[in-house]
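**Q** Give me a 3D structure for the following:
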Amino acid sequence: MRLDESRLNKIAITENVSPRGVRIVSDWSCASGKHVLVTVPEEGVKSLARVVYCQRVESTKFAVGLQLVARVEEWGD
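**A** Predicted structure coming up:
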């Protein structure tokens with residue numbers, strides 16, 4: 001999974017996926033309310049998402065909750 005933020009690509013690992021949201025772990029920290037573009041090429045997913053929360057889980061890792069703007073049915077099938 002990639003998060004595109006202002007032309008910067010960030011790689012993230014998905015922990016939990018639903019049609020309306022995803023929890024990811026990354027070295028990327030972001031403020032709640034910010035919008036990012038989520039792309040998962042191997043799943044054919046590209047969706048705008050809003051950051052709901054960002055919590056430090058390790059010294060250099062963050063858990064980020066994203067609410068997808070549009071429902072994504074095919075992700076995680």
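
**Q** which strand is the longest one in the chain?
**A** If you go by DSSP state E, the chain has its longest strand at strand 45-56.

**Q** Need the residues that contact the following helix or strand past that strand.
**A** Using DSSP states H and E, the helix or strand that follows strand 45-56 in sequence is strand 62-68. Strand 62-68 has contacts (Cβ atoms under 8 Å, 6 or more residues apart in numbering) with 12, 15, 19-30, 36, 38, 47-57. To be clear about C-beta, it is placed using only N, CA and C from the backbone, and glycine gets the same treatment.

**Q** buried stuff in the longest strand of the chain?
**A** Buried residues in strand 45-56, counted by 16 or more other Cβ atoms under 10 Å: Val45, Ser47, Ala49, Val51, Cys54.

**Q** would you turn these into a markdown table with pLDDT and distance to Lys61?
**A** Formatted as a markdown table, the buried residues of strand 45-56 follow (pLDDT from 0 to 100; distance: Cβ to Cβ, whole Å):
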| residue | pLDDT | distance to Lys61 |
| --- | --- | --- |
| Val45 | 77 | 23 |
| Ser47 | 84 | 23 |
| Ala49 | 91 | 19 |
| Val51 | 94 | 16 |
| Cys54 | 94 | 11 |
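
**Q** Which members of those are the farthest-apart pair?
**A** Using Cβ to Cβ, the buried residues of strand 45-56 span at most 20.8 Å, a distance reached by Val45 and Cys54.
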